[in-house]
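Q: Mind looking at a prediction? Sequence and model below.
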Amino acid sequence: MGKRVLLINPNRCHHPPVIPIGLEYISHALKHAGHETRLLDLCFLDEPKKRVAHELTAFKPDAVCVTIRNVDTVLYPETVFFLPAIKDMIMEVRSLSDAPIITGGAGMGVDPEGIVSFLEADAGVIGPGETTLVEMLSRPGEIRGSGKVFRGVQPEDFTYIRQDAACWAEYIENGGLGGFTTHSGCSSACPYCIEASTPVMLRNPVSVALEVTTLLDSGMDHLHLCDPEFNELPEHAEEVLREMVKRAPAGLKWALYMRPGHYSPALFELLGKSGAYLITLSVDTCVHNKTYLKDVSEMIHIAKDNGIQTCIDLLAGLPGEEDGAFDQTLEALLNARPKETVINTTLRLCKTLPITRTVLGSEAHRKHIIDNGAYAGSLLAPVFYQRLTPGDIKRLAGDNARIRIAGEEKIVNYQSEPWQSELSEQAEPGQSGR
């Protein structure tokens, strides 16, 4: 017998507002399995608690699913910790319904068990929940009060039926973009990333292209890829692009993330034909193979040859960084001339990260920890490592219009949100930056 499932998006960030694609996917999968769903989006609501109470009373859900897109803003010094406000909302649900509460979303990778415990949820899902959540709902007795975290599995051949642009009009009017995925997981072992070394599950290229076509037909012609890195498997990426070129009508504009390596001229040619206009290339100053910086430079040039601009996200000042690594990387980037390079020297420490163990295990590294004392020891609240300051980068990089420094300028998502003062007032002392 089908169940009623309330899907809640508690993300109230507006710069930019992010359409909850994961809940769209979950909703489609649950409906396909015979369940009834209702999406409660709190992003633009003036009185979210009242709306939560109304939906619980009117819909009477058998289960409540809450997506955690971000645990915090991952910014320093302007730091806001989201979990206390989300917990307040979950406690409101608890007071009005005995339905089990399941958490999921991209933010779960920070500390899956810790998040479920902190929020006092019944269970959690890490990774794609389309198949796993359907299975969980068939065994409600195993969910309630279990505190378990389930590893999600992505269905390969699912073609998702998405809500049309009219449903997301307020998002689009405020700078939000439509999104889509080609795979989940990442085989890279970057020690600072919560998506690293997670199971890679590829979607059927035809299903991806049909989803993109559906979004275009509904009025969404500006999209951003939601994969960790598009070129996880170049052969699969090329097949996705061929299907997009074949099936999607003209007029699509889309942006994506890529990693150094795993590329070919054919891949970039297909990207250009498909409407890709901007690649953000994730670069760091860790120890890499000898072709790493050569790959970065070549990718920038080949993208440019195909009418695609490239921006660089450069993470520098990591523990164990070799002498001269930053200078060498910066020189290569200046010579390659991407559209811009954003340099970040602040690392958010998470319980699940190898680099966190490296930092905590060394007295020399521990002196560079920035800890505001909130929830000491849990690493759920924002704790940062910063060996190089923005001032250090300014001195090393000099004055260059193509270089921007995170923390010095308002250049990344969630900086100076109008609701930050509201959340800061809700938080306990020391939870948020100034």
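A: Ah, there it is.
Q: Identify the bridge partners of residue 385.
A: residue 347, residue 369 (DSSP bridges).
Q: Okay, it and residue 288: tell me how far apart.
A: 20 Å (C-beta to C-beta, to the nearest Å). Every residue, glycine included, has its C-beta placed from N, CA and C.
Q: So these two - more neighbours on which side?
A: residue 385 (25 against 16; other C-beta atoms under 10 Å).
Q: Test my guess that the more buried one contacts residue 358.
A: No - with contact defined as C-beta atoms under 8 Å, residue 385 does not reach residue 358; the gap is 9.4 Å.
Q: okay, the spatially most central residue of the chain: pLDDT?
A: The residue lying closest to the centre of the chain (C-alpha atoms, centre = their mean) is residue 106, at 5.5 Å. Looking at residue 106, its pLDDT reads 95.
Q: if I pick it, what's in contact with it?
A: Neighbouring residues of residue 106 by C-beta atoms under 8 Å, 6 or more residues apart in numbering: 22, 68, 69, 70.
Q: Can you give me the distance of it to residue 18?
A: 10 Å.
Q: Need the overlap of contacts for those two.
A: residue 69.
Q: quick one, longest strand in the chain?
A: Longest among the strand segments of the chain by residue count, using DSSP state E, is strand 276-284.
Q: what separates that one from the chain centre, distance-wise?
A: 15 Å (C-alpha atoms, centre = their mean, to the nearest Å).
Q: Tell me which residues of the helix or strand just after it come out buried.
A: Counting by DSSP states H and E, the next helix or strand C-terminal to strand 276-284 is helix 292-305. By 16 or more other C-beta atoms under 10 Å, the buried positions in helix 292-305 come out as 292, 293, 295, 296, 297, 298, 299, 300, 302, 303, 304.
Q: Name the SS class of residue 262, please.
A: Secondary structure, DSSP: H, G, I helix; E, B strand; the rest coil: residue 262 is coil.
Q: shouldn't it be in contact with residue 234?
A: Yes - applying C-beta under 8 Å, one finds residue 262 in contact with residue 234, separated by 5.2 Å.
Q: Neighbour count: these two, which is higher?
A: residue 262 (19 against 15).
Q: The nearest residue to the more buried one once chain neighbours are set aside: what's it in contact with?
A: Leaving out its chain neighbours, the residue that sits closest to residue 262 by C-beta to C-beta, 6 or more residues apart in numbering is residue 231, at 4.3 Å. Residue 231 is in contact with 237, 258, 259, 261, 262, 263, 267, counting by C-beta under 8 Å, 6+ apart.
Q: Roughly how far does residue 231 sit from residue 306?
A: Residue 231 is 14 Å from residue 306, by C-beta to C-beta.
Q: Then residue 207?
A: From residue 207 to residue 306 the distance is 25 Å (C-beta to C-beta).
Q: more crowded one of the two?
A: Taking neighbours as other C-beta under 10 Å, residue 207 and residue 306 compare with residue 207 leading, 18 against 15.
Q: For that one, give me its contacts.
A: 156, 157, 158, 159, 160.
Q: From the residues you listed, keep the buried residues only.
A: Buried among the contacts of residue 207 (16+ other C-beta under 10 Å): 158, 159, 160.
Q: measure the second one to residue 206 for me?
A: Here the criterion is C-beta to C-beta. By it, residue 159 lies 8 Å from residue 206.
Q: Done for today, thanks.
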